Each structure stands twice: as C-alpha cells, then as structure tokens.
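*Asks:* what's the 3D shape of this:
(chains A, B, C and D)
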Number of protein chains: 2
Amino acid sequence: MTDVAQRAGVSLKSVSRVVNGEAHVRPELAERIHAAIEELGYRPDRRARDLAAGTTARTVGYVQVDAANPFFAAVYRGLEDVLAAQGVLLMAGSTDASPARERELLEALIDFRVDGLVVAAAEGSDTLLAREIGYGTPVVCVDRVMTDPACDTVVSSNRGSMRRAVEHLVGRGHERIAFLGGRTAVWTAGERLAGYREAVEAAGVPAWERTGVDQVEVAARTTRELLAAPAPPTALVTAQDRISSGAIAALHATGRQHDVALFGFDDLPFAEQLEPSVSVVAQDPRDMGARAAQLLLRRLAEPERDAELVVVDAPLVHRASGDIPPVA
Amino acid sequence: MTDVAQRAGVSLKSVSRVVNGEAHVRPELAERIHAAIEELGYRPDRRARDLAAGTTARTVGYVQVDAANPFFAAVYRGLEDVLAAQGVLLMAGSTDASPARERELLEALIDFRVDGLVVAAAEGSDTLLAREIGYGTPVVCVDRVMTDPACDTVVSSNRGSMRRAVEHLVGRGHERIAFLGGRTAVWTAGERLAGYREAVEAAGVPAWERTGVDQVEVAARTTRELLAAPAPPTALVTAQDRISSGAIAALHATGRQHDVALFGFDDLPFAEQLEPSVSVVAQDPRDMGARAAQLLLRRLAEPERDAELVVVDAPLVHRASGDIPPVA
DNA sequence: CTGGATGTTGACAGCGCTGTCAAGCCTGGC
DNA sequence: GCCAGGCTTGACAGCGCTGTCAACATCCAG
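*Replies:* Predicted structure coming up:
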C-alpha cells in the first residue's frame, strides 16, 4: 500500500479511501491511484484491514467429522449457499471423530477469529465449545445436541422418523427386525436407537440390536452374522448410510436381497436403481446446512436471543426393500 | 493480551514469550501468566501475530466447482489429509462453474493472504490466475490444465483410460458405441472425448458423440433418445459420474440395462451391487488431492522449481456392464 | 572480589491498514 | 471582498502482536 501511495504521489490514507470506495476523493486523483494499483497488482491485506478497522473477518469455521462423507459435504454446501451470498468465507476441517483433532481445529479457528462456528461432530470437547459459547462466540450445532449451555441447533427428526420406519416394517408383518446402529455415544445414533425401541416395544416384538457399527465392512460382517442365525431377522433397519451400504453389499453378496426387508436411514445414490430399490429415511443435509447458516447469521445479528432448536423433518421414502414381506 | 499482562503484572512481551513458548522466562512468572491466560480465556489473535511476525497465515485456498460433488469433496479430503498434518487450514468455496464467482473467490482468498491456491475448477479466469502465479503465489491446478504460465498440475490419465475403456468395448464386438460427455470447453471433458475418438478411429467404427451433457437429467434424457433410435447404440460410454448416473437411471427405467453395455468414467457408489454391476474408469480423487497438496508444499519450499505435471493413472475396473455383448 | 558470560525483563518500533481530526482548499451568498 | 460551509487531503495514533535491543540480575571462574 505504501508503494501504491508513493507511485501515485499521495498519502496512504488516500489510497485507503480509494480502495474502500469512500467519497471525497478527486476523480483525477482516484484515477492516478487506480492506475498505480493496477500496475503494482496491489490487493489490500484483509487481516490488516480487519485488525485496524476492528471489524470481524467475515469467516465461519466448520468442524465436521469427515469432509469426504456425502452428508457432511452436503451440509457444507448448504452453509456455503447462504454464507457466500453474504460474502462470508468458510474455513473447515475434518475431525475423524477424534476429540483431540476437534479441539485442535476449534482452537485454530478461534485463533483466526472466525465470526462463528458450525459444529457437525457428534462427540468431542463439549467443554471447550461450552467455554467458547460462554465467551460469546456464536456456535451452531448440526446433527448433535448440546444442552449446557444451550446452543442453536439443527437436527433431523431422528427418533420419530426411525420409529415410523420400524412401524412400517411392523405393519408389513415383520416380527424379527434387527437394528444396526452406530456408537450410541453419538447423539443421533442414540436417538435413532430410541426410535427403534419405541416402535418395537409398542408393537410387542423383540428388540434385536447391534450397535457400535461404524464402518461399511463392519456393517457387512454384522449383516452376514445376523443372516446366518438359526432364526434370522426378516427385516433389517440400518441407522446410517455407511451401515446401509455394508448391509446392502452383504445382502447382494449372499443373494438374500429379495428375501430380507431393509429400511435405511439416509438416502443413497442409486437407491432407486438397486434391486430391490431401497426404502430410506431421507435426511436433507444441504437444507440442514442452510438452516444452520441462517441460525448463525441471526445470532450474529441478535446475540442475546434464546438458543433455537430446528428439527428438520426427515421423510420416509418408500421403495421396494421396505415392502418385502417376512418369509415364514 | 494487554489484559493478561496487566493481570499478571508483567509486560506484553513476557506474555508473548509465554504464549509462544520462548525460553528465558522465569518459571514462577510463566505460571502467573498462564494463570492469567486461563482466567481470562485468552487466545492469541493469529491475524495480528502473522502480521507482526511477517509470517504467513498457514492457510490454503481451495476453489472447486461444487463442494457437494463427491469428486471435489474427495479432493478436499485428500488436501486436508496432508495439509492438516502441517497445521495448515483450508479455506474453500464452490464456483458452480461461474467465472464471476470464481474470480470473486480467488480474490477473497488472495486478500486473506493464503499461502497457496488449489484450483479444481475447469473453466474460468485464467487471466487472474496467471497474474497471481506471476506474483509468485503458489498455485496447483487439479483436474484442469493451464499452459501459460505453466503451473503445478494433477490430473488423471483421462485420455488414455478412456481410450482403453472404449477399446475394451470394441474388443467385445461393439460397433455402435455412443459417447456421452460434458462440455468440451472443460479440459477433462475434451481429453476424454479425444480418448474416445482415438479408440473408435483406430477400430474403424463410427464416432457417435453427444457432448455438453452436464446434468443427471440431461444425461437420462439423452440416453433415452439414443436408445429410441432405429439402430440404437449397443454400448454407452459415459464421461463422468453424473452422466453415468443419468444413463443408468434411464437404462433401468426402460429395462434395457442388461442389453446395452456401459462403461463409465468415475467410480460409483454401489457400482458393485447394481444389476448389472457397472464397469468404470476409477479415478482416485482423494489421492489427487493429496498429491496436489504435496506439490503445493514442495513449491512453498522451493519456489523456483519448474512446474510439475502429475498424471495419476485411473485404472479400469471391469465389472459386468462393460462385458455385455452387442445384440444383433 | 571482579569481569565476563548468561539469563531475564521490558521499552519501543512497526507489521498493513483504518479512524480521527485538523489543515488547506474552493464555493457561493451577502 | 469576506466568511460560513463543504470538499479534499494528509498526519498521526493505534488495532494486537512480535522483533530488536538495551537494561539489569545472576552466576561462575580466576
């Protein structure tokens, strides 16, 4: 900037004025400055500007479990959809469910003085987050619920949708419905399990639970074990996309895909084209991201408002696999 | 920081020393400062630190077409895999193939003084990018090639792999092989088309090209049109995942999936479980991202080295759909 | 007990920029 | 011709931090 000022033969302040489009600069002078900027390829330093003006960086930090996972990628896109329109940039990182990494990320983001944080990482350093909320940093939780302190939150209707999916299976006459779910320490996993339990209890059919499944391969192996049982389940409920993938792979590999009903949580690519097509509870992660961004923006505008909980309805998408009847 | 210094009764510089773990601070003093930091919940401001120390922000900008697209999300993850280990944070944005948005993003990223840029957006403001390279900003192109000035680049073996896929189809006896590709202004789309042409010309079978297909729905419609022709293609080659998705949907919807051979570019979720399972050229975008990050890191270390072109081999994954013979 | 080496601390300038404020200029109305 | 009022410009301080350097304290060898 000093170079630009020198080249144009003006003071720093005049350059600053031109760069920021302030009024009160003689057109002739402005032109000279523009020329100097052009020749030097000058771009102002946002960090210095924000520091000097006391403005925030207009950036938002996004902490997710895994950027390559379609769910989180879609949330990211949803955030971006609304944030980019406001000129807000995203800084993001994956935790791979490691609390240490989450802590590291959160701290790095805070050190950069992001305007707000969106956290889509189910487990982890609640304490650090709680503290940060205490200091007034706007935080929105996605797909995770924090109660102390309360925090703006966006979640799907995990429990209710899962319950309805299981009820559908019950309605088709199933009595041996196995549930494959993730680690129950994860809030959403717990909710979905609870939905399953509500449904089987209400129907008076036995609960058959396998939790702690968090990889495709484990889901496939578990499915094979289940199918090999003397009285195997006639229906499978898979509590998230990776588990569905594993179960579908196992079902196809053993040729049982037309015999065992399947209801998955999370929509799947090619769910329509698979044979049988697969019934799912379809979350809309992009929408969740967009809502999270809106919540964040609103909190930025009104810091004192009460924490808001947005529950996005995740509808059932009925396809063939959920309508397979129980075999005798 | 001033608050911390006051509370601990020391100078700013001592706090700075403790925060940065410099030597030459009496343990007792350090402890007092730590206590003050703890009580005040102080976190240093990275922007101010970088500014004062003249260090870079240790951030990398990633410009992609669409964060929700699995290919770009995987590249992102690959970048993160190697960058996070170096304590480098990513700032990313989607362009949706809009040059204006790309320009905006690039400028914003530059204003934040990122250490380097990774660009995975096929079309766009080469001029701005070229200029930035001229100013010495490290830039790595992924899935796009820029020649003037040369720039570190990571691409798949687009042309060769596509040629081999078509050759495989030819080897199975196909003579009516239709190609569904994206907009040829996009470098990768052009390369894949070129690979197709090489193969059909060598085999002496007619070229049958449909380009400019860039949405799932368009791909599906085009596929239906192709199949409705008097002498429909006996094999389809789809030049990217979204086109494959559309073609597969159309094939299944019309019940022709077992009659028409299909070879797709980009691996697909459930490619194995679909019936028929689908043959593809499998790019490894996560690896591409990792290599891009390595290239960037290397250039950061040695700014003067020649631009490097990394071609990642994209192997053919033979499954059932590529082996369907031509119907008479 | 002295000198030099080493350890500890803080004052101060300055990173690139903006806010404040005052100085100098021009305008038009009387 | 004079002055109030507005326009244009730049000097300067300071955002939160670090580098430099000088001041002072402490230690040990001779």
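
*Asks:* nearest spatial neighbour of the closest residue to DNA strand C within the stretch 151-300 of chain A, skipping sequence neighbours?
*Replies:* Going by Cβ to the nearest atom of the strand, DNA strand C is nearest to A:L300 of the stretch 151-300 of chain A, at 18.5 Å. Every residue, glycine included, has its C-beta placed from N, CA and C. Leaving aside its chain neighbours, A:L300 sits nearest to A:P138 (5.7 Å; criterion: Cβ to Cβ, 6 or more residues apart in numbering or on different chains).

*Asks:* list the contacts of the one you found.
*Replies:* A:115-117, A:152, A:296, A:299-300, A:303 (Cβ atoms under 8 Å, 6 or more residues apart in numbering or on different chains).

*Asks:* would you mind naming what in the stretch 201-328 of chain A lies close to chain B?
*Replies:* A:245, A:248-249, A:252, A:268-270, A:272-275, A:286 (Cβ under 8 Å from any Cβ of the partner chain).

*Asks:* list only buried entries from these.
*Replies:* A:245, A:248-249, A:252, A:268-270, A:272-274, A:286 (16 or more other Cβ atoms under 10 Å in any protein chain shown).

*Asks:* which one of the residues you listed sits closest to B:P326?
*Replies:* B:P326 has its nearest neighbour among these in A:Q273, at 22.7 Å by Cβ to Cβ.

*Asks:* measure the spatially closest residue to that closest one that is not a sequence neighbour to A:D115 for me?
*Replies:* Using Cβ to Cβ, 6+ apart and skipping residues adjacent in sequence, the residue nearest A:Q273 is B:H252, 4.6 Å away. Applying Cβ to Cβ, to the nearest Å, the value for B:H252 to A:D115 is 46 Å.

*Asks:* and the stretch 1-150 of chain A, which residues reach chain B?
*Replies:* Counting by Cβ under 8 Å from any Cβ, the residues of the stretch 1-150 of chain A near chain B are A:41, A:43-48, A:50-51, A:57, A:59, A:66-68, A:70, A:73-74, A:76-77, A:80, A:84, A:87, A:89-94, A:101, A:107-113, A:131, A:134-135.

*Asks:* again, 6 Å this time
*Replies:* Proximity of the stretch 1-150 of chain A to chain B (Cβ under 6 Å from any Cβ of the partner chain) is limited to residues A:41, A:43, A:46-48, A:51, A:67-68, A:73-74, A:76-77, A:80, A:89, A:91, A:94, A:108, A:110-113, A:135.

*Asks:* how about the strands in chain A?
*Replies:* Ranges of strands within chain A are A:59-64, A:89-94, A:116-120, A:139-142, A:152-156, A:177-180, A:208-210, A:235-238, A:261-265, A:279-281, A:309-312, A:316-317, based on DSSP state E.

*Asks:* what residue spans form the domains of chain A?
*Replies:* If you go by automatic domain parsing, the domain ranges for chain A are A:2-44, A:59-156+A:285-312, A:158-284+A:316-323.

*Asks:* so where's chain A shaky on pLDDT?
*Replies:* Judged by pLDDT under 70, chain A has its weakly predicted residues at A:124-125, A:328.

*Asks:* residue numbers of it in contact with DNA strand C?
*Replies:* A:1-2, A:12-13, A:15-16, A:19-20, A:44-45, A:48-49, A:51-54 (Cβ under 7 Å from any atom of the strand).

*Asks:* out of the strands of chain A, deepest packed?
*Replies:* strand A:235-238 (a mean of 31; mean count of other Cβ atoms under 10 Å in any protein chain shown).

*Asks:* quick one: the residue in the stretch 101-250 of chain A that DNA strand C sits nearest to from A:R286, how far?
*Replies:* Residue nearest to DNA strand C within the stretch 101-250 of chain A: A:R113 (13.5 Å; Cβ to the nearest atom of the strand). Separation of A:R113 from A:R286 (Cβ to Cβ): 27 Å.

*Asks:* spell out which residues of chain A are next to DNA strand D.
*Replies:* Applying Cβ under 7 Å from any atom of the strand, we find that chain A lies next to DNA strand D at A:9-14, A:17, A:23-26, A:29, A:48, A:51-52, A:54.

*Asks:* many thanks, we can stop here.
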